[in-house]
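Novice: below are the sequence and a predicted model for it; my questions follow.
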Amino acid sequence: MKDWRSQSHVKWDCKYHVVIVPKYRRRKFYGSLRSEIGKILRQLCRQKEIELVEGHAMPDHVHLLLSVPPKFSIANTVGFLKGKSAIRISRDLGKTKGTLYGRAFWSRGYCVSTVGLDEAMIREYIQTQDKHERDQERGLFDLD
């Protein structure tokens, strides 16, 4: 049986696989701040009572598996996470010279899919994302 959550008038299990990308997909800048950005995202999720089930930061994007209460839309949730984290990144980690890419850290869009009953498969995909990317890069550069 699934582990359903409940609020006053609803039983729910709403999970989303979300991918967000930093502006211009800046690998070098983002790679050095991966752990700090993860801490900021976890704090923001706790603040809104959103469960961050799984997360993994790649050099140029972030995979998140979020359990979002039905009182929040996924668009508002992602907007909150991207907006507030950009402010904190700029304020706390912005030790760079000048502005942080025009005061925006994340690109405008995001990718989201509902998880449904295949949560284990999505968790495994997020955990092994580094391996998938390395395999794809090797395939591109093999000239046999």
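Specialist: That came through fine.

Novice: how about stretch 78-88: buried residues?
Specialist: For stretch 78-88, a neighbour-count test (16 or more other C-beta atoms under 10 Å) marks Val78, Phe80, Leu81, Lys82, Lys84, Ser85, Ala86, Arg88 as buried. Quick note: C-beta positions are derived from backbone N, CA and C, even for glycine.

Novice: try stretch 10-30
Specialist: For stretch 10-30, using 16+ other C-beta under 10 Å, the buried residues are Lys15, Tyr16, His17, Val18, Val19, Ile20, Val21, Pro22, Lys23, Tyr30.

Novice: chain center to it: distance?
Specialist: Computed by C-alpha atoms, centre = their mean, to the nearest Å, the chain-centroid distance of stretch 10-30 equals 3 Å.

Novice: stretch 19-38 now?
Specialist: 10 Å.

Novice: ok, now stretch 119-135?
Specialist: 14 Å.

Novice: numbering from 57 from now on, please.
Specialist: Got it, the first residue is 57 from now on, which makes the last one we talked about stretch 175-191.

Novice: quick one: the strands in this structure?
Specialist: 61-63, 66-68, 71-76, 107-113, 118-123, 167-170 (DSSP state E).

Novice: mean pLDDT and distance to Thr184 for those strands - can I get that in JSON lines?
Specialist: JSON lines is the format used below for those (pLDDT from 0 to 100; distance: least, C-beta to C-beta, whole Å):
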{"stretch": "strand 61-63", "mean pLDDT": "82", "distance to Thr184": "27"}
{"stretch": "strand 66-68", "mean pLDDT": "85", "distance to Thr184": "28"}
{"stretch": "strand 71-76", "mean pLDDT": "94", "distance to Thr184": "14"}
{"stretch": "strand 107-113", "mean pLDDT": "91", "distance to Thr184": "9"}
{"stretch": "strand 118-123", "mean pLDDT": "93", "distance to Thr184": "11"}
{"stretch": "strand 167-170", "mean pLDDT": "92", "distance to Thr184": "17"}
